[in-house]
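Engineer: Got a predicted model here, sequence first, then my questions.
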Amino acid sequence: MIISGTHINYYNHCKRHLWFFAHHIFMEHTSELVALGKFISESTYQREKHELHLIYGEDEIIIDFYDPKNKRIHEVKKSNKMEETHIWQVKFYIYVLEKMGIKGVTGEIDYPKLRQKIDVILDDNDRKRIEEIKEEIPKIISNDIPPSVINKSYCKNCSYYELCYV
Ligand code: SF4
């Protein structure tokens with residue numbers, strides 16, 4: 001199966017969310033927070049917007065902005081509450097570009113609202129972990145029922161909240 005950056009993102013965020021996404025159960029349009037995130041993403045880097053969408057083998061990535069001269073990935077996010085999730089998403093992008101033979105790529109996550117940015121690199125442990133995640137994702141998705149709810153504070157801001165708790 002094709003593994004996208006979104007799968008990696010949801011895997012780290014919530015495996016139940018990943019399952020809903022993979023089974024085409026969408027409630028994103030009901031979330032104002034998601035809409036805000038999309039607005040910030042679309043309204044940043046307007047002049048230098050250079051989205052990179054590619055499929056390589058079983059991997060699919062859509063990078064907000066790729067600077068080929070400096071081999072630098074830029075990913076724009078609304079808030080740093082899910083920083084670890086964002087970091088793994090960018091590590092996956094670096095991993096896929098490496099597999100395509102593009103070495104020396106680094107990443108940067110930009111939080112325009114917070115006026116912050118963080119650097120992302122990929123090391124051998126990360127490469128190993130990504131391989132493991134890529135094996136685990138199809139197993140989660142192939143289950144007939146979704147994984148259990150995770151009872152995290154950020155569930156309240158999740159588009160699936162009502163489906164999970166009400
Ligand atoms: S509400 Fe919580 S448990 Fe349900 S999908 Fe969202 S993050 Fe996962």
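Structural biologist: Here it is on my side, so go on.
Engineer: Around the ligand, which positions in the chain sit nearby?
Structural biologist: Along the chain, the residues adjacent to the ligand under the rule CB under 6 Å from any ligand atom are C14, R16, H17, V149, I150, K152, C155, C158, Y160, Y161, C164. In this view, the C-beta of every residue, glycine as well, is placed from N, C-alpha and C.
Engineer: Which members of these are classed as buried?
Structural biologist: Buried subset of these (neighbour count, 16 or more other CB atoms under 10 Å): C14, R16, H17, C155, C158, Y160, Y161, C164.
Engineer: do you know how far the closest residue to G57 other than its chain neighbours is from E84?
Structural biologist: Of all residues not flanking G57 in the chain, K99 sits nearest, at 7.1 Å (CB to CB, 6 or more residues apart in numbering). With distances taken as CB to CB, to the nearest Å, K99 is found 23 Å from E84.
Engineer: Listing request: residues of this protein with sub-threshold pLDDT.
Structural biologist: Scanning the chain for pLDDT under 70 picks out 28-50.
Engineer: ok, which stretches of it are helices?
Structural biologist: 5-13, 15-22, 32-42, 83-99, 124-141, 161-165 (DSSP state H).
Engineer: how distant is the last one from the center of its chain?
Structural biologist: In this case it means helix 161-165. 22 Å (CA atoms, centre = their mean, to the nearest Å).
Engineer: For it, name the packing helices and strands.
Structural biologist: Judged by 3 or more CB pairs under 8 Å, 6 or more residues apart in numbering; DSSP states H and E, helix 161-165 is in contact with no other helix or strand.
Engineer: contacts for that helix?
Structural biologist: Helix 161-165 is contacted from outside by R16, F20, I25, M27, V149, C155, C158, using CB atoms under 8 Å, 6 or more residues apart in numbering.
Engineer: Same list (those residues) but as CSV, adding distance to I130.
Structural biologist: Formatted as CSV, these follow (distance: CB to CB, whole Å):
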residue, distance to I130
R16, 21
F20, 22
I25, 26
M27, 28
V149, 26
C155, 26
C158, 24
